[in-house]
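A.B. asks: sequence and predicted structure below; questions after.
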Amino acid sequence: MLSLFSIFYYILAFVVYVLAIPYLLFKSRSSKYKVAIPSKFFLKNNPKFEKSGVWFHSCSMGETKAIKPLIEEYINEANVSVITNTGFEEANKITKNSRYLPFEIFLPFWVNKQKVLVVMEAELWYMLFLCAKSKGTKTFLINARISDKSFASYKRFSFFYKKIFKHIDKVFAQSDIDKKRLEELGALNVEVIGNIKLAQLPKVKNDFVKPDTCVITAGSTHEKEEELILNAYKKEHGKLIIVPRHPERFDKVDSLIKEFIKDKNISYQKYSKKEDFESDIILVDKMGILNDIFSISDVVILGGAFEKIGGHNPIEPAFFGCKIISGKNIFNQKPLFECVSNYYLIDNENLGDYLDKIDNLEKPVLTKAGSLEPIIKEINGWI
């Protein structure tokens, strides 16, 4: 029988949904959302899973990549749901049995019984866990973490998170401090196993030939960061490879670079037009090859932290021995940076100074690793 809280929550979610319909219809006209919004909010081409198996849920591309070994472990009975476009694209590479997770008001009718539900990191959707448990599914939260920045806001709504954790059978946390914070929020049966993003190390798909000069890669950059990096760059630093985080920004970054090199003795190319690294500046307008580029890089300027984005994963460049320079806004990636020694978090205005002293920077070292074995053991106990 549903609790009064569950009924109230569903009614509130329904009201929010109805009010948001005009906005959703408007946003769905964008090429970025023309598949995702109809799938998540109108169930277009988004049927429930046909089979009862091991259901994996993650948010975006990075989280989906991290659980790829788990999905492949149970590939014959794996169901995968995601939130973002890039997450869906990544999930589809692993299995065609992938879906966008519908908005919560649809979940009571969309969710069917699974043997196990495995949810990645901070995807704490109340109706997801409630519906799964009500159908007799075992529920696990993996790679769980509570960042310093978000802990205060979590605590303000601790009454709500207690209701979510009531429907989670086991939590696999990244660290002891995460365990303590999760338990304060009501999590039960918490086990610390480290960060599973370190359980699988990056692999090279394309063996690029390293240029015979210093290679600086600006990886996963966001709005305003490319301009900052270009203004700090000098030709004598070496080659600069820019890899924007989002493909819809490729054209804008292309225009930005063309404007920057005017009246300068700096050569430039788009990777899609010429697939090599001969020019001084290369815009990589192609997805899925960032690790391959890290493998030939000497220095990585890691985006997402010079603006208040939260940073990006330092594990991949650290694995390839790239010297890492990033901004100070790493609040979403702090647990991963704690797994690396020797990196440089700098103020934006100091980027040029650090590029001037590249030779004096130290290479990073990976110091911590997580394990998938406890998760696999737990899943195997219920299938």
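C.D. replies: Yep, it's here. Numbering: from 1, shown residues only.

A.B. asks: quick one, phi psi at Ile281?
C.D. replies: phi -120, psi 130 (degrees, to the nearest 10).

A.B. asks: need the per-residue pLDDT for His222.
C.D. replies: You'll see His222 listed with a pLDDT of 97.

A.B. asks: what about it, neighbour count?
C.D. replies: Residues contacting His222 under the criterion other Cβ atoms under 10 Å number 18. Where C-beta positions appear, they are placed from N, C-alpha and C, glycine not excepted.

A.B. asks: for it, give me its contacts.
C.D. replies: For His222, the contact set (Cβ atoms under 8 Å, 6 or more residues apart in numbering) comprises Pro244, Arg245, His246, Gly303, Gly304, Glu307, Ile309.

A.B. asks: where's the residue nearest to the fourth one when sequence neighbours are not counted relative to Ile21, distance?
C.D. replies: Spatially, and ignoring its direct neighbours in sequence, Gly303 is nearest to Thr221 (3.7 Å; Cβ to Cβ, 6 or more residues apart in numbering). When Cβ to Cβ, to the nearest Å is applied, the distance between Thr221 and Ile21 equals 34 Å.

A.B. asks: next one: Glu349
C.D. replies: In terms of Cβ to Cβ, Glu349 sits 45 Å off from Ile21.

A.B. asks: same thing with Ile196?
C.D. replies: Ile196 sits at a distance of 38 Å from Ile21 (criterion: Cβ to Cβ).

A.B. asks: so between those two, which is more surrounded?
C.D. replies: Using other Cβ under 10 Å as the criterion, Ile196 and Ile21 rank with Ile196 on top: 23 against 11.

A.B. asks: could I get the pLDDT score of the more buried one?
C.D. replies: Looking at Ile196, the pLDDT reads 88.

A.B. asks: how about it: what's its closest non-neighbour residue?
C.D. replies: Going by Cβ to Cβ, 6+ apart, Ile196 has Gly370 as its nearest residue, at 4.3 Å.

A.B. asks: and if you look at Lys149?
C.D. replies: Phe331 (4.3 Å).

A.B. asks: what's the answer for Lys40, then?
C.D. replies: Nearest one to Lys40, counting by Cβ to Cβ, 6+ apart, is Tyr100 at 4.7 Å.

A.B. asks: got phi/psi on that neighbour?
C.D. replies: Dihedral angles (degrees, to the nearest 10) for Tyr100: phi -80, psi 140.

A.B. asks: so it sits right up against Ile37, yeah?
C.D. replies: No: distance between Tyr100 and Ile37: 9.1 Å, which falls outside the contact criterion (Cβ atoms under 8 Å).

A.B. asks: how does this protein divide into domains?
C.D. replies: 4-195+371-380, 215-366 (automatic domain parsing).

A.B. asks: closest one to Asp207 among those?
C.D. replies: domain 215-366 (7.8 Å; Cβ to Cβ).

A.B. asks: and that closest one, how far from the chain's centre?
C.D. replies: Its chain's C-alpha centre and that of domain 215-366 lie 18 Å apart, by Cα atoms, centre = their mean, to the nearest Å.

A.B. asks: cool, and stretch 14-21?
C.D. replies: Offset of stretch 14-21 from its chain centre (Cα atoms, centre = their mean): 27 Å.
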